[in-house]
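In: Everything below, folded, please.
(one chain, ligands or ions: 2)
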Amino acid sequence: MTVSETAADGRSLEETLERLVADVPDFPEPGVGFKDITPLLADHAGFTQVVEALAAPGRDADGNVTVTKVLGMESRGFILGAPAALHLGVGFVPVRKAGKLPRETHAVSYSLEYGEATLEIHTDAVAPGERVLVIDDVLATGGTAAATIELVERCGGVVAGVSVLLELGFLDPRSKLPGTQVHSLLVS
Ligand SMILES: O=P(O)(O)OC[C@H]1O[C@H](OP(=O)(O)OP(=O)(O)O)[C@H](O)[C@@H]1O
Ligand SMILES: Nc1ncnc2[nH]cnc12
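Out: Numbers count the residues shown, from 1 in each chain. Ligands and ions are numbered 1, 2, ... in the order given. As a prediction, the model looks like this:
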């Protein structure tokens, strides 16, 4: 599903993403087609358009904000999630890589193509019953998003949705996210 708000420069979201997300072959290793969002971040109109579109699932059909926190996963999820939280008028929660958060955490480990990764959240970051929006740049295997959902559930919170810029559909990430509302600005 592609959202078609227009940017201040008059471009549709699809035009913005086509123009400002760079496809870098064989990075970080041969065979991986890396989606580089840095040109998008450097373009104020495009960055603003994308942040507002990523925030949209945090509102209902009448425009009322229906979440009380936005979560972003280290590190690119920070760059997109924090401004989206400000846009919605809610707080931001960093989901961090292992060993970075100073207070008591929940931790979830998940497998990568090569090896394993661990994500953590402060145990007091999401209150029981609190509805949160999860934001990241790329949904590839779905491992990062699935770990984040598990962390929210360990806090007793509710994931209202996962909102991402780019979904790599050919990796079938949604199979790891059963029952989760996934909102992707572009599916490739
Ligand atoms: O769906 P998955 O297979 O889990 O992959 C998606 C994740 O991979 C990247 O994070 P990564 O930690 O690799 O890089 P970053 O530190 O630059 O955000 C990206 O920002 C997503 O968080
Ligand atoms: N192809 C890709 N491009 C950018 N970030 C990613 N994270 C996982 N796969 C990725």
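
In: tell me the centre residue of the chain?
Out: In the chain, the centroid-proximal residue (CA atoms, centre = their mean) is D136; its distance is 1.7 Å.

In: Number of residues surrounding A98?
Out: 13 (other CB atoms under 10 Å). Glycine gets a C-beta too; all of them are placed from N, C-alpha and C.

In: How about D43?
Out: 18.

In: Helices of the chain, start to end?
Out: With helices called from DSSP state H, the chain shows them at 13-20, 38-41, 44-55, 76-88, 143-155.

In: export the ones you listed to CSV and tack on mean neighbour count?
Out: As requested, these are arranged in CSV below (neighbours: other CB atoms under 10 Å):
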stretch, mean neighbour count
helix 13-20, 18
helix 38-41, 16
helix 44-55, 21
helix 76-88, 21
helix 143-155, 21
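
In: could you dump these to CSV with mean pLDDT and distance to ligand 2?
Out: Rendered in CSV, the data for the helices of the chain read as follows (pLDDT from 0 to 100; distance: least, CB to the nearest ligand atom, whole Å):
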stretch, mean pLDDT, distance to ligand 2
helix 13-20, 96, 13
helix 38-41, 98, 11
helix 44-55, 98, 15
helix 76-88, 98, 7
helix 143-155, 98, 8
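
In: Give me every residue in the protein lying close to ligand 1.
Out: Residues of the chain that fall close to ligand 1, judged by CB under 6 Å from any ligand atom: 73-77, 136-144, 173.

In: go with 8 Å
Out: Selection of the chain residues close to ligand 1 by CB under 8 Å from any ligand atom yields 73-77, 97, 110, 112-113, 117, 136-147, 168, 171, 173.

In: Return the subset of those residues lying in strands.
Out: Among the residues of the chain next to ligand 1, the members falling in strands (DSSP state E) are M73, K97, Y110, A117, D136, D137, V138, L139.

In: can you pull the contacts of the first one?
Out: Read it as M73. Taking CB atoms under 8 Å, 6 or more residues apart in numbering, we find M73 in contact with G81, V95, L119, V134, D136, T144, A145, T148.

In: Then the fourth one?
Out: Shown in contact with A117 (CB under 8 Å, 6+ apart): K97, A98, S109, Y110, G143, T144, A147.

In: tell me the two of the residues you listed that are most distant?
Out: In those, two members sit farther apart than any others by CB to CB. They are A98 and G143, at 14.4 Å.

In: what residue ranges in this protein are flagged as low confidence?
Out: Filtered on pLDDT under 70, the chain yields the residue ranges 1-5.

In: Wait, R96 touches E74, no?
Out: Yes. Counting by CB atoms under 8 Å, R96 touches E74, with 4.9 Å between them.

In: For those two, indicate the residue with more neighbours.
Out: R96 (19 against 16).
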